[in-house]
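In: A structural model of the following input is requested.
(chains A, B, C, D, E and F)
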There are 6 protein chains.
Amino acid sequence: MAKSIAAKSIAAKSTAAKSTAAKPAAKHGSKSAPVKHAAKRPSAAAGDDTAITALALPPAPLTPEMAAYFAKCQEKLGFVPNVLSAYAFDMAKLSAFVAMYNDLMLAPSGLSKLEREMIAVAVSAHNRCYYCLVAHGAAVRQLSGDPVLGELMVMNYRAARLSPRERAMLDFAVKVTAEPWSIEEEDRERLRKAGFADRDIWDIAAVAGFFNMSNRVASATDMRPNSVYHGQGR
Amino acid sequence: MAKSIAAKSIAAKSTAAKSTAAKPAAKHGSKSAPVKHAAKRPSAAAGDDTAITALALPPAPLTPEMAAYFAKCQEKLGFVPNVLSAYAFDMAKLSAFVAMYNDLMLAPSGLSKLEREMIAVAVSAHNRCYYCLVAHGAAVRQLSGDPVLGELMVMNYRAARLSPRERAMLDFAVKVTAEPWSIEEEDRERLRKAGFADRDIWDIAAVAGFFNMSNRVASATDMRPNSVYHGQGR
Amino acid sequence: MAKSIAAKSIAAKSTAAKSTAAKPAAKHGSKSAPVKHAAKRPSAAAGDDTAITALALPPAPLTPEMAAYFAKCQEKLGFVPNVLSAYAFDMAKLSAFVAMYNDLMLAPSGLSKLEREMIAVAVSAHNRCYYCLVAHGAAVRQLSGDPVLGELMVMNYRAARLSPRERAMLDFAVKVTAEPWSIEEEDRERLRKAGFADRDIWDIAAVAGFFNMSNRVASATDMRPNSVYHGQGR
Amino acid sequence: MAKSIAAKSIAAKSTAAKSTAAKPAAKHGSKSAPVKHAAKRPSAAAGDDTAITALALPPAPLTPEMAAYFAKCQEKLGFVPNVLSAYAFDMAKLSAFVAMYNDLMLAPSGLSKLEREMIAVAVSAHNRCYYCLVAHGAAVRQLSGDPVLGELMVMNYRAARLSPRERAMLDFAVKVTAEPWSIEEEDRERLRKAGFADRDIWDIAAVAGFFNMSNRVASATDMRPNSVYHGQGR
Amino acid sequence: MAKSIAAKSIAAKSTAAKSTAAKPAAKHGSKSAPVKHAAKRPSAAAGDDTAITALALPPAPLTPEMAAYFAKCQEKLGFVPNVLSAYAFDMAKLSAFVAMYNDLMLAPSGLSKLEREMIAVAVSAHNRCYYCLVAHGAAVRQLSGDPVLGELMVMNYRAARLSPRERAMLDFAVKVTAEPWSIEEEDRERLRKAGFADRDIWDIAAVAGFFNMSNRVASATDMRPNSVYHGQGR
Amino acid sequence: MAKSIAAKSIAAKSTAAKSTAAKPAAKHGSKSAPVKHAAKRPSAAAGDDTAITALALPPAPLTPEMAAYFAKCQEKLGFVPNVLSAYAFDMAKLSAFVAMYNDLMLAPSGLSKLEREMIAVAVSAHNRCYYCLVAHGAAVRQLSGDPVLGELMVMNYRAARLSPRERAMLDFAVKVTAEPWSIEEEDRERLRKAGFADRDIWDIAAVAGFFNMSNRVASATDMRPNSVYHGQGR
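Out: Numbering: from 1, shown residues only, chains lettered A, B, ... in the order given. Model prediction:
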């Protein structure tokens, strides 16, 4: 299984590299200076698809359930997200992560999938988490069809043109990230006034909380995102 | 089911109250001043056993698996931890939380259960999370048989007399909590030099990450700990 | 005199240790797991009663006034607080500290003794001061008869169920602790609206200020609290 | 002149929009989910090309020198950077800005142009400045030919695979950004050991300083980047 | 008594004003621009000598001991420091403050009086305390005969040319001010290596602690310094 | 040219030293303690007039334009500000700095020169920049004729008695300094309500931005202010 991840990763990478190389500057409508230094330095993300974390944790055999899940990723996304490969040294941990992730981000909720991804990126921006910003920044771009929304969530969500609902949601998510001890009833009231039900408030808290966890696991282990994400949804 | 939680909670509370009331000051070997103001103000934790969060989320019917788990809590601990009751509005979320929690805190690991609980409390102290400090502070007191160790994890782990291994572990856990973006290879190397394997580093990161999540869910929802925890392990 | 402190300290400690050892888990009404690890590690507070600070400062002969004061502590509390022993290397410093402390914490004031102790603990929690959290956490538990109030002041006063007066008082005390440069007339006005007279505002400021001093003296010298405090007021 | 900027901006925008629209997901080698929500919300950057700042400052007539400079931008870049249009309400301010900018970023230096742009982005990431991250993130992508390097400077430069020289340079630039009062001789020595001459140290300081200025002017006025930047160098 | 303070304050002020007015610009050897705006705005410190705090606390009758002390201030300094007038609403508080202050700042110590004043100002600079910076900045100027040393303690002690001993002392004092929870044995060791005895370490901690108290009492009450301080030691 | 700067610097210094030395304590109307320690230690600012930065950057030949400008400084101020000497290793950098500085601080604006200098000092106080606090603190003293206003801008502008307009201006300038990412329309609205036009808001932002640059260049290079500033405007 580790083999197939590695193989895929390399494939994904070369695809990504190609798509970059293939883009003529003129295509973007700008007469930008020719890229002179391109060959001078190795990529700042060299190895991201092959050395997924800084820890030497050999993959465990996939359980049938997890093997099916990885196959589904491969089929639907074209690759297995590196975070799954990182957790694959232990099937209990991988399964628990997948179950929680899928419930939070994909199950029915008063929050749209895009809203949940926006929280993911705004929280990860506060925590400056490379892995999550790349992977979920791509998701925001794809789900919204608005590539700049992805950039804004990474750079400073306060600078984005958002609906009052979106803004209230992100303000709460970032406050509970930055100073969780200071959240009080008036913060929840602000969400209710912006139209969120108590169940939605739970979901905002749970998604923000989840990425506060993932950001730290990723940063603690130097987890690297699949290079294919970089080009998605542009 | 909600009924049984409530019933239990009240029982637990009255037990806790009783045990406090029953403790004569003399028992501690100090001639402390009689408690004159006791009747003057309601408890600062009034309602902790009955109004578990600030969100109105009615409990869902327990799945057989979760019903069995709650019964086991009742049997082994004498109560169902409030965090479980808080998640019980949605069985998928409850199951995912339980699976991840039990794997992280109870499954075999290079970290002892006490070490994992020490991380839980030191992280929760950074985030000043009432729920987690109470529940996991009790666990540290019980697992260590050293009540003051529990206090020290809550107050300032740097003031505790710890082994170099414990200190390195907590320094990493608190750094990844406070400024996850700044963790680098030299931080992991410090753990390796303190005797931790790469698998242990993952576990330190994962436990620290998990409580960064739980602290935020608890703070965002004003989750209240079962009052019975306060007296445990003293 | 140093001898009698040491003698007492050891006595206090063994009493405290005994009372912990004597507590069967069942007594708390919870069926908690047996404490397996108790014997495995030395206490995280080992030596707290004998090595009071990290500085080698031999005690000076007590003046008659201070000898009487220490005797009174012994009689009323059953022990001499370690902070007094720490200051006892110099009688002028000890006397000045005692005079200021007693005036602030015990003299007539618009603030109750409990309110002053609540400020002490909330400020010490911001500064994460082991000594003051232990000694004054015990005082809050004893004066209030509400052990959880003591815990809440240590963990996060914002999570406590407080009166508006108490909350305004602690918000001011913690703000002047965290960012004294930003206190302005509107902060004082908030206290006045919560019912505090100008004299009370002085007292809030003075108590908060005093613990900002004591927290730093204690942290700078690694001052250790008498172990007997841990069990008081539980 | 204002007209020509607006005209250009709209042109640039529609080009950018088109290039996004034209990109089939398949092209990136991933089978990403179809973008369902694209039409549901206005762009988070709507109006960036037309309402350049939040201040109502009508453009002044361009001096011949500045008119020539704008024409040169148009010719070489295909557009006039919005920051120039923002300054164009006052020719003295515009000229001074242009003179300083061009000297710092384009004049001969021991730092390559790419290195100077890397500093620009790492500083702007600390300050979370939308305008500068977009405009200079594009420059890093173009000058390096490594799009991910641009992302990494925006997200967390510490996660990038950098040369020791680059890392020392960015550590200094970010430290002088975050806590300028704490820079001391040992910080400069670290740069010297990484191979920088004193003249280079000046340039690092000057570029870092300049973006600490520009970040604040941009944030204070809600300056918006030309939308064409978003697609450059991908 | 209040009257005599007020009378003195006004006298002191007019003296200060006069000495400023009397200084011809030429005297400083610079041909500075004439002060054109002097009459346009009221002084930013108007009323500092008359409205000493923002609290309405009428002075109590001075005890004979305190009356003698105030008289001694008048005789030796030419004025009664406003902090004393501020505390004079309650003789117990005033006496306790005076006793502690005089012991800390004037009694024999391994630290020179200048060193203690340097700590006072560096701590007060961290806390941005107007009262203490003015009063103790003047003391540093006077005791050192080096007016710029006073300025540097106010502005950034790290920029001053200090002896290693002075620098170690101030680093410790400012660290215990900024993050008291993080002081550990290695911090004390650094002081010992710089030549400080354990008794000196206590004094550094005690002076730093004292100003952390005074800064907060002053900021909480908007305490204003006697205007005469501004011109002292220039 | 370097020679003339050095010569001047020494002259300025000796004048400053003399004027300090010549001031008898009695002249300030206070009976302050005799300055006993004056001879004991070298000045904390020794060398400020001769070793202007920590970088070895030999001056370039002045262009005729810059030579005329330096001559004008000499004539009007009596000295060349050290920041100009520091930039004089490169004429392009010097000219650009001078052009921007003079436009910002001296050109017509809705902000008075004093207001611009107040921003300079309040920003520099946040950043604790020795050079800028000294040079622009002197300017505030001179332009206002209120020496204490200069001190208050250095120490804590919130403690100054300011007009609502001045306070709003400095609150904005310090907020954009401390957390530029959080400036939003409501911040600009607050300025408009205080009477500032959009053009004035630009100028507030630009001056605050400029000193955020200069503070960092000065701190990064350990730039030292001309000693003559210290006595100006007292």
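
In: closest point of chain A to chain E, which residue?
Out: Nearest residue of chain A to chain E, counting by Cβ to the nearest Cβ: A:Trp181, 15.3 Å away. Bear in mind the C-beta positions are built from the backbone N, C-alpha and C, glycine included.

In: okay, now A:Leu149: neighbour count?
Out: 29 (other Cβ atoms under 10 Å in any protein chain shown).

In: the residue of chain A closest to chain E against C:Met155, yeah?
Out: No: with contacts counted by Cβ atoms under 8 Å, A:Trp181 stays clear of C:Met155, the gap being 9.1 Å.

In: circling back to that earlier point, OK, contacts around the residue of chain A closest to chain E?
Out: B:Asn127, B:Arg128, B:Cys129, B:Ser219, C:Asn156, C:Arg158 (Cβ atoms under 8 Å, 6 or more residues apart in numbering or on different chains).

In: where do the contact lists of A:Trp181 and C:Met155 overlap?
Out: B:Arg128, B:Cys129.

In: where is the longest helix in chain A?
Out: In chain A, taking DSSP state H as the definition, the longest helix is helix A:198-221.

In: that helix - what's its average pLDDT?
Out: Mean per-residue pLDDT for helix A:198-221: 98.

In: which elements pack onto the helix or strand hosting A:Ala68?
Out: If you go by DSSP states H and E, A:Ala68 is part of helix A:64-77. Helices and strands touching helix A:64-77, by 3 or more Cβ pairs under 8 Å, 6 or more residues apart in numbering or on different chains; DSSP states H and E, are helix A:2-22, helix A:82-87, helix A:91-106.

In: what about chain A, any weak spots by pLDDT?
Out: By pLDDT under 70, the low-scoring segments of chain A are A:1-40.

In: not including adjacent chain positions, what is the nearest residue to the most centrally placed residue in chain A?
Out: Note on chain A: the residue nearest the mean C-alpha position is A:His136, at 2.4 Å, using Cα atoms, centre = their mean. Here the nearest residue to A:His136 in space, its sequence neighbours aside, is A:Ala120; by Cβ to Cβ, 6 or more residues apart in numbering or on different chains that works out to 4.1 Å.

In: checking A:Arg41 next. Helix, strand or coil?
Out: Of the three states, A:Arg41 takes coil according to DSSP: H, G, I helix; E, B strand; the rest coil.

In: test my guess that it contacts D:Ser163.
Out: Yes: using Cβ under 8 Å, A:Arg41 makes contact with D:Ser163 at a distance of 7.4 Å.

In: these two: who's more crowded?
Out: A:Arg41 (17 against 12).

In: who touches the more buried one in this structure?
Out: With Cβ under 8 Å, 6+ apart, A:Arg41 has these contacts: D:Ser144, D:Asp146, D:Ser163.

In: separation between the last one and A:Ala92?
Out: Meaning D:Ser163. With distances taken as Cβ to Cβ, to the nearest Å, D:Ser163 is found 40 Å from A:Ala92.

In: same thing with the second one?
Out: If you measure D:Asp146 against A:Ala92 using Cβ to Cβ, the figure is 38 Å.

In: of the two, who's got more company?
Out: With neighbours defined as other Cβ under 10 Å, D:Asp146 and A:Ala92 compare such that D:Asp146 has more, 26 against 17.

In: next up, the contacts around that one.
Out: A:Ala38, A:Arg41, A:Ser43, A:Ala44, A:Ala45 are the contacts of D:Asp146 under Cβ under 8 Å, 6+ apart.

In: can I assume the third one is in contact with D:Arg161?
Out: Spelled out, that is A:Ser43. Yes: with contact defined as Cβ under 8 Å, A:Ser43 counts as touching D:Arg161 (7.3 Å).

In: pick out the residue of chain A closest to chain F.
Out: A:Asn156 (5.2 Å).

In: that residue - nearest residue in space that isn't next to it in sequence?
Out: Once flanking residues are discounted, A:Asn156 sits nearest to D:Arg128: 4.2 Å by Cβ to Cβ, 6+ apart.

In: tell me how far the one you found lies from E:Ala120.
Out: 37 Å.

In: before we move on, what about A:Val121?
Out: Taken as Cβ to Cβ, the span from A:Val121 to E:Ala120 is 47 Å.

In: circling back: do the longest helix of chain A and chain C meet at all?
Out: No: using Cβ under 8 Å from any Cβ of the partner chain, helix A:198-221 never reaches chain C; the gap is at least 15.4 Å.

In: just how off-centre is that helix within its chain?
Out: Computed by Cα atoms, centre = their mean, to the nearest Å, the chain-centroid distance of helix A:198-221 equals 12 Å.

In: cool, and stretch A:63-78?
Out: Distance, centroid of stretch A:63-78 to centroid of chain: 18 Å (Cα atoms, centre = their mean).

In: same check on stretch A:62-78?
Out: The answer for stretch A:62-78 is 18 Å, by Cα atoms, centre = their mean.

In: in that stretch, which residues are buried?
Out: A:Leu62, A:Met66, A:Tyr69, A:Phe70, A:Leu77, A:Gly78 (16 or more other Cβ atoms under 10 Å in any protein chain shown).

In: double-check the last one against A:Tyr229; I have them as touching.
Out: No: with contact taken as Cβ under 8 Å, A:Gly78 and A:Tyr229 are classed as non-touching, separated by 11.1 Å.

In: related to what we said a few turns ago, between A:Ser43 and D:Arg161, who's got more neighbours?
Out: Neighbour totals were compared for A:Ser43 and D:Arg161, and A:Ser43 leads with 21 against 18 (other Cβ under 10 Å).

In: show me what contacts that one?
Out: A:Ser43 neighbours (Cβ under 8 Å, 6+ apart): D:Asp146, D:Val148, D:Leu149, D:Arg161.

In: got those as a markdown table, with distance to C:Gly233 and secondary structure columns?
Out: Formatted as a markdown table, the contacts of A:Ser43 follow (distance: Cβ to Cβ, whole Å; DSSP: H, G, I helix; E, B strand; the rest coil):
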| residue | distance to C:Gly233 | secondary structure |
| --- | --- | --- |
| D:Asp146 | 62 | coil |
| D:Val148 | 58 | helix |
| D:Leu149 | 59 | helix |
| D:Arg161 | 56 | coil |
